[in-house]
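>>> the following block contains a protein sequence and its predicted model.
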Number of protein chains: 2
Amino acid sequence: MYSQAEENYLKTIYVLEKDFGDDVSTNLIAGKTKTKPSSVTDMLKKLAIKDLVLYKKYQGVKLTETGRLTALKVIRKHRLWECFLVQKLNFNWDEVHEIAEQLEHVKSELLINKLDAFLRFPKLDPHGDPIPDEQGRIIKNQSTSIIDMKLGSTGTLVAVKDSSETFLRYLNKKNLALGDKLKVIDIEPYDNSYHIETKTHRLVITNNVAENLLLKNVK
Amino acid sequence: MYSQAEENYLKTIYVLEKDFGDDVSTNLIAGKTKTKPSSVTDMLKKLAIKDLVLYKKYQGVKLTETGRLTALKVIRKHRLWECFLVQKLNFNWDEVHEIAEQLEHVKSELLINKLDAFLRFPKLDPHGDPIPDEQGRIIKNQSTSIIDMKLGSTGTLVAVKDSSETFLRYLNKKNLALGDKLKVIDIEPYDNSYHIETKTHRLVITNNVAENLLLKNVK
DNA sequence: ATATTATTTTAGATATGTCTAAATTTTAGC
DNA sequence: GCTAAAATTTAGACATATCTAAAATAATAT
C-alpha cells in the first residue's frame, strides 16, 4: 500500500496532467502541494522506483498506468466522501474538501464500495466532478468554461474547476450555485472580465472566476 | 493537534488504566501496541512534555485530565464510526474495528458531531461499549463477566471485552450475539471452563472466553 | 542482604518526508 | 552561440516514530 504523501502526489500529478498536458514539472507540483521543489524531486524518485511515474531528471514526470489507476482510486474515495458529507451529514459544498482530504486515505476497498452503494452510486460529487468507478473509469464531462463562451450565449452551471473553500464561499456570496442558468451579457476587453446574468441577478466576475465556472448546454 | 501515534498511545493507556488500575507499565503498553518497550519509553517522554501523561522513570504512567479527555474523544470517534459502519453500511460487527482505527484519526469536531446526529446519538457501539459524549462523559456499564457468575445463574449478553476480529468471529461461529440470554449450567473446576446454555443450544467455553462476555440482569 | 532475573531506559541507527543552501542543468534573451 | 535567469537536483540537516543492543534500575528469591 501507498503512504498518504505518495497518494497526494499521485492525485496532484493526475490533476496537473489534465490541466496542463503531459510531463508535469517539478515546480508546478511544488506550487500545488505547497512544498519545496527539492522535496518534490525526492518524492518523484521514490514514485519512479515504485513504477507509479515515469521520471527523467529535469524533464518532469508522467503517471504510469498503475500510477493513474492509483490516483483515480484516491479521487474516487475523495469524491464519494464529499457526497456523503453533503448528502447525508448536511455539510455545505464549501466545507467538505478538507475533511475529504483526510477520509480519502482510509484503506478499505469494501468500505468505499459499500459507501458507494449507500449513496446509490452517485455520478457526480457536490462540485460537479465525475466520480470514477471501481475500475477507474471516469466520465469525461463535456463542459465549457465561461471564458470560451461568446457574448450573448447561455448555459447551465454544472461544475467548478476550483473546489477551494474560498472560491466556493465567493460563489455563495454571489448567489451562484450548480444548476443556475447563466447568460454572458458583456465582456470587458480591458481586463477580460465578464458581465453575467442569472434568473435573479446580474454580476461582474473576473476572468479568473470565469475560467473556474463550467457550463453545459451552451448556446 | 496530536499525531495518530500519540492518539493511539493515549487510547491504549486509557484502556489499560481501566483494566489494570493506575500507573500503567511500559511493558504493558508495549504488549498492547505491538511495539518495543524502548519505543514506548520514547513516546511517554513526549506525552509527558505535552502534559498528556504523568510519567516518572521506571514507575509507569497515568493520564492527566487533558490526556484522559483526549483519549475519550478518540474513543468517541472510534465508536461512532463503528456504529455508522454497522448501521448504515451493513458491515458485520467483526469487520469494523480496523476501519474505525483509521477513521478515528480524522480531524473535525463538526464532522463527528454531525455523524453523531445522523446516527441519532447512539449510546452504545456494536460491541456494547458506551459512547462518550462531546464533553467526554461516558456511561459506566454495570455488566458482569461470566467468570463472576454463579452456577445456575442467568443473564443477557450486552457487551464483549475483546472486540478483535478473531474473537467476534469465534462468537459468530458459536452462534452467540448481543441480546442473547445465557445460563451457566456447569463450571469445570479443572480448567475453569464454563458450560452455558442459550435458547437454542448449549456450549462449552474456556475461562478466557467467559471473561470476555459481559452480561446484565444477572440473577 | 545480596544475587539473579525482569523491567525499563539510554544510545545509536533506520525510514519517511520535509527543509535550506549550494550546485547543476535547462531555457531564454540578445 | 553565449550568457544570464529560471528551474531542477544534490547534499546535508531535522522531526517523527520506530528499532536493536547495551546499560541502568527495580523486583524476587534464596
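Received the coordinates, thanks.
>>> use CA for all of it now, contacts and neighbours both
Will do.
>>> next, count neighbours for A:Glu211.
Neighbour count of A:Glu211, defined by other Cα atoms under 10 Å in any protein chain shown: 17.
>>> look up how far DNA strand D lies from it.
To DNA strand D, A:Glu211 is 22 Å away according to Cα to the nearest atom of the strand, to the nearest Å.
>>> how far away is A:Thr144 from A:Leu213?
8 Å (Cα to Cα, to the nearest Å).
>>> now do the SS call for the residue found closest to A:Phe91 once you drop the neighbours it is linked to in the chain.
Distance criterion Cα to Cα, 6 or more residues apart in numbering or on different chains; nearest residue to A:Phe91, sequence neighbours excluded, is A:Leu85 at 5.6 Å. Under DSSP: H, G, I helix; E, B strand; the rest coil, A:Leu85 falls in the helix class.
>>> count the neighbours of A:Leu85 for me.
A:Leu85 has 23 nearby residues by other Cα under 10 Å.
>>> which residues in chain A form helices?
If DSSP state H is used as the criterion, the helices of chain A fall at A:4-20, A:26-33, A:37-49, A:65-87, A:97-103, A:109-118, A:165-173, A:207-211.
>>> mind putting these into JSON lines with mean pLDDT?
Listed next are these as JSON lines, based on pLDDT from 0 to 100:
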{"stretch": "helix A:4-20", "mean pLDDT": "96"}
{"stretch": "helix A:26-33", "mean pLDDT": "95"}
{"stretch": "helix A:37-49", "mean pLDDT": "96"}
{"stretch": "helix A:65-87", "mean pLDDT": "97"}
{"stretch": "helix A:97-103", "mean pLDDT": "97"}
{"stretch": "helix A:109-118", "mean pLDDT": "97"}
{"stretch": "helix A:165-173", "mean pLDDT": "93"}
{"stretch": "helix A:207-211", "mean pLDDT": "91"}
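>>> I'd say the residue nearest to A:Phe91 and A:Asp94 touch.
No - applying Cα atoms under 8 Å, one finds A:Leu85 not in contact with A:Asp94, separated by 10.9 Å.
>>> tell me the domain ranges of chain A?
Chain A breaks down into these domains under automatic domain parsing: A:4-63, A:144-216.
>>> nearest to B:Ser164 among these would be which one?
Nearest to B:Ser164, of all those, is domain A:4-63, at 25.7 Å by Cα to Cα.
>>> end-to-end on that closest one?
17 Å.
>>> also stretch A:45-62?
Per Cα to Cα, stretch A:45-62 runs 12 Å from first to last residue.
>>> likewise for stretch A:190-210?
15 Å.
>>> contact partners of it?
Residues outside stretch A:190-210 that contact it (Cα atoms under 8 Å, 6 or more residues apart in numbering or on different chains) are A:145-147, A:174, A:180-188.
>>> which of these sit farthest apart?
So, those by Cα to Cα: farthest apart are A:Asp180 and A:Glu188, at 22.4 Å.
>>> more neighbours: those two, which one.
A:Asp180 (15 against 12).
>>> surely the more buried one and A:Leu157 touch.
Yes - assessed by Cα under 8 Å, A:Asp180 is found in contact with A:Leu157 at 5.4 Å.
>>> any figure for the gap between the most centrally placed residue in chain A and A:Asn212?
By Cα atoms, centre = their mean, chain A has its centre lying nearest to A:Lys161, at 5.6 Å. Counting by Cα to Cα, the gap between A:Lys161 and A:Asn212 amounts to 5 Å.
>>> repeat that for A:Asp51.
A:Asp51 is 33 Å from A:Asn212, by Cα to Cα.
>>> who's more crowded, these two?
Ranked by neighbour count (other Cα under 10 Å), A:Asp51 and A:Asn212 place A:Asn212 first, with 18 against 15.
>>> got a list of what that one touches?
A:145-146, A:160-162.
>>> who wins on neighbours among the residues you listed?
When neighbours are taken as other Cα under 10 Å, the top entry among the contacts of A:Asn212 is A:Ile146 (26 neighbours).
>>> can you pull the contacts of that residue?
By Cα under 8 Å, 6+ apart, A:Ile146 lies in contact with A:210-215.
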